[in-house]
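Participant: make a model of this:
(2 chains)
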Amino acid sequence: NAGVTQTPKFQVLKTGQSMTLQCAQDMNHNSMYWYRQDPGMGLRLIYYSASEGTTDKGEVPNGYNVSRLNKREFSLRLESAAPSQTSVYFCASRGPINEQFFGPGTRLTVL
Amino acid sequence: GENVEQHPSTLSVQEGDSAVIKCTYSDSASNYFPWYKQELGKRPQLIIDIRSNVGEKKDQRIAVTLNKTAKHFSLHITETQPEDSAVYFCAASMRNQAGTALIFGKGTTLSVSS
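Facilitator: I've put the predicted structure just below:
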């Protein structure tokens, strides 16, 4: 039981490049989330998915897209990366009594 | 939408003292309030949570209190130890037609010196 996994752990991009952050959970949870964490800003919700086939915008969705591929996987895509998207990205899934479990994070730098 | 304010942003205490972190929220429909601890370079970990039908919850040295009328909740850590040093985040649930999500405060950096 790996919980929530994320790939890659680290990534460096140049401005304008695209990439997809992968997230998977093996706890059979319906809801999954993407957050970004910046110094002094806490965890800000980017997008979430209440169930397979549904997604909705969070607090800071601009510049991102998501795909809920199946119940296990929820990916985050940056189509044209910008330096303002330099951050640590966390994926999470929600258990049956509302508790959220976080993945280990992806540290992204956009030059 | 939901907005969560957290204070203080930094807190320094001596080992053995108590630490209190306070949060306020804006959405009266929120009904779930977790607290997370994040050590440097690691993922946030749930340490305690409280639901709207309860006023207080304890787990060993940590406790959380909730005042729904005033829309604020607090984390209390007693007999602090150096290993309590970390960033602590509060959160409040937000629910709409799309589902349920958490909105987080900006965090409190707790430093416990021995």
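
Participant: each with direction, which strands does the helix or strand of chain B with the lowest mean pLDDT pair with?
Facilitator: For chain B, using mean pLDDT, DSSP states H and E, the weakest element among its helices and strands is strand B:99-104, scoring a mean of 88. Listed by DSSP bridges, the sheet partners of strand B:99-104 and their directions read strand B:86-96 (antiparallel).

Participant: which of the residues in the partner strand are classified as buried?
Facilitator: By neighbour count with 16 or more other Cβ atoms under 10 Å in any protein chain shown, strand B:86-96 contains the buried residues B:86-94. Yep, even glycine has a C-beta here, placed from its N, CA and C like the rest.

Participant: buried residues in the following helix or strand past the least confident helix or strand of chain B?
Facilitator: On the C-terminal side of strand B:99-104, the nearest following helix or strand under DSSP states H and E is strand B:108-113. Using 16+ other Cβ under 10 Å as the test for burial, strand B:108-113 gives B:108, B:110, B:112.

Participant: one step back: want to throw the buried residues of strand B:86-96 into TSV with pLDDT?
Facilitator: Formatted as TSV, the entries for the buried residues of strand B:86-96 read as follows, by pLDDT from 0 to 100:
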residue	pLDDT
B:86	98
B:87	97
B:88	98
B:89	97
B:90	97
B:91	96
B:92	95
B:93	92
B:94	88
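
Participant: for the residue nearest to residue B:19 when sequence neighbours are not counted, what are its contacts?
Facilitator: In space, and not counting its chain neighbours, residue B:19 is closest to residue B:77: 4.5 Å by Cβ to Cβ, 6 or more residues apart in numbering or on different chains. Neighbouring residues of residue B:77 by Cβ atoms under 8 Å, 6 or more residues apart in numbering or on different chains: B:18-20, B:61-62, B:84, B:110.

Participant: thought residue A:20 was touching residue A:74?
Facilitator: No: the pair formed by residue A:20 and residue A:74 falls short of the contact definition of Cβ atoms under 8 Å, at 11.0 Å.

Participant: and the contacts of residue B:77, which are buried?
Facilitator: Among the contacts of residue B:77, those classed as buried by 16+ other Cβ under 10 Å are B:19-20, B:62, B:84, B:110.

Participant: so how far is stretch A:77-90 off the chain centroid?
Facilitator: Computed by Cα atoms, centre = their mean, to the nearest Å, the chain-centroid distance of stretch A:77-90 equals 10 Å.
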